[in-house]
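**Q** From the sequence below, what's the structure:
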Amino acid sequence: MLVVSYLTQKTVKNNISFSGIALHSGHNVNVCIKPAKPDYGIVFKRVDLKLNNIIYPNFNNVTNTSLNTTVENEFGVKVSTIEHLMGALFGLGIDNALIEIDDEEVPILDGSAKVFIDKIISSGFEVSNSPIKVIKINKEIKYSKGERFISIKPSTLSLDIDFELKYENQIIGNQRNKVKVYEDDLRDIYNSRTYCLFEDIEIIKKNGLAKGGSLENAIVVKDDEILNSEGLRNDKEFVNHKILDCIGDLYTSGYRIVASIKCSQGGHYLTNQLLREVFRDKQNFSILEIKEKKLPHTLINKNLLRSIA
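**A** Numbers count the residues shown, from 1 in each chain. Predicted coordinates:
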């Protein structure tokens, strides 16, 4: 049995390569996740460009939150649809990695984070002696836009996410789920796919998006019917996918987070605005180095590592 040290920084053990269609551009894209040294962080490198090709997936570098999360460097070089990969890295406790990509959008694969999770686990982990760092929220911060809102407040040693959706469509309807990111079995979260309403597809495509979208990488709901022949992967797949997006977007903070989050009808925009509010004032948060060995849990989701042996 492979023993993973959960409280020290980790990277992938081997290069991890995958290819696929980008959801919005429709391009075929190649990605390689490479090991990195402690305190390197998560870094994207556009290998199709020779100059100015490093992009840091930081909340301050987010320039678009419409149907995906896009980060951009000072030279206008972008990487988009990063949220599912970032969510996988967060859940598996990958602190450091260089992600080489030959286009500006991460492949959508099956529309969830399942392939990312499986490939990272298959690669294994390289464990350092450097302690992990976490962000601890010190006081409650709220952000709202109309009826949509998100809040974050202090938590002892957990990352709790309470998320709800409200749709007029009867298939999606009102869904709510609460998860403890470091303790609960999150396989349903990471296996949940992106989705859209059939009536929105024409508008989305008129805006030049979803050129690579299909029933292979997204759930499509038309009236009271799911058009995907296999149906849903779990009873709360719609809200669970939103929680996956939220986890991935939270990782643009640069660290795992200790906090309690509540969100209603949120998405990439609200999560990004919340992080901007949090980091606007240093009194709102602390960055802690975790050296204590006896914690009630491990600040990493061990359920995702069950297949390691």
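
**Q** pretty sure residue 270 is touching residue 150, no?
**A** Yes - if you go by C-beta atoms under 8 Å, residue 270 and residue 150 touch, sitting 4.4 Å apart. From N, CA and C alone the C-beta is placed, and that goes for glycine too.

**Q** ok, the two, which is more surrounded?
**A** The neighbour comparison of residue 270 against residue 150 (other C-beta atoms under 10 Å) goes to residue 150, with 26 against 21.

**Q** and the more buried one, how far is that from residue 262?
**A** 7 Å (C-beta to C-beta, to the nearest Å).

**Q** So what pairs up with the closest residue to residue 158 other than its chain neighbours in the strands?
**A** What sits nearest to residue 158 in space, not counting adjacent residues and going by C-beta to C-beta, 6 or more residues apart in numbering, is residue 180, at 5.3 Å. Beta-bridge pairing of residue 180, defined through DSSP bridges, involves residue 160.

**Q** what about the longest helix in this protein?
**A** Ranked by number of residues, the top helix in the chain under DSSP state H is helix 237-250.

**Q** and residue 81, what are its phi and psi?
**A** phi 50, psi 50 (degrees, to the nearest 10).

**Q** ranges for the strands of the stretch 51-200 of the chain?
**A** Using DSSP state E, counting those that start in this stretch, the strands of the stretch 51-200 of the chain run over 54-55, 62-64, 70-72, 78-79, 97-101, 125-131, 133-137, 141-145, 148-153, 159-166, 174-180, 195-197.

**Q** re earlier: what pLDDT does the residue nearest to residue 158 get?
**A** Residue 180 is assigned 95 on the pLDDT scale.

**Q** With residue 205 instead?
**A** 86.

**Q** Could you do the one 4 residues further on as well?
**A** With respect to pLDDT, residue 209 scores 81.

**Q** So the nearest residue to it once chain neighbours are set aside versus residue 116, what's the distance?
**A** Of all residues not flanking residue 209 in the chain, residue 24 sits nearest, at 4.5 Å (C-beta to C-beta, 6+ apart). Counting by C-beta to C-beta, the gap from residue 24 to residue 116 is 18 Å.

**Q** just residue 129 next, same as before
**A** In terms of C-beta to C-beta, residue 129 sits 26 Å off from residue 116.

**Q** Who has more neighbours out of these two?
**A** Between residue 129 and residue 116, residue 116 has the larger neighbour count (other C-beta under 10 Å), namely 25 against 8.

**Q** check contacts around the more buried one.
**A** Residue 116 sits next to 18, 84-85, 88-89, 109 when contact means C-beta atoms under 8 Å, 6 or more residues apart in numbering.

**Q** Please name the bridge partners of residue 175.
**A** Beta-bridge pairing of residue 175 under DSSP bridges involves residue 165.

**Q** Confirm for me that it is in contact with residue 192.
**A** No - using C-beta under 8 Å, residue 175 is not in contact with residue 192; the gap is 11.0 Å.

**Q** neighbour-wise, which of these two wins?
**A** The residue with more neighbours, out of residue 175 and residue 192, is residue 192; 28 against 17, by other C-beta under 10 Å.

**Q** I'd say that one and residue 233 touch.
**A** Yes - Residue 192 lies in contact with residue 233 (C-beta under 8 Å); the separation is 6.4 Å.

**Q** residues shared between the contacts of those two?
**A** Residues touching both residue 192 and residue 233 (C-beta under 8 Å, 6+ apart) are residue 112.

**Q** What residues sit buried inside the lowest-mean-pLDDT helix or strand in the chain?
**A** Across the helices and strands of the chain, mean pLDDT, DSSP states H and E gives its lowest value to helix 201-206, namely a mean of 88. Residues of helix 201-206 classed as buried by neighbour count (16 or more other C-beta atoms under 10 Å): 201, 204.

**Q** next one: stretch 247-257
**A** Buried residues in stretch 247-257, counted by 16+ other C-beta under 10 Å: 247-257.

**Q** where's the residue most central in space within the chain relative to residue 230, distance?
**A** With distances taken as C-alpha atoms, centre = their mean, the residue of the chain nearest its centroid is residue 248 (1.7 Å). To residue 230, residue 248 is 24 Å away according to C-beta to C-beta.
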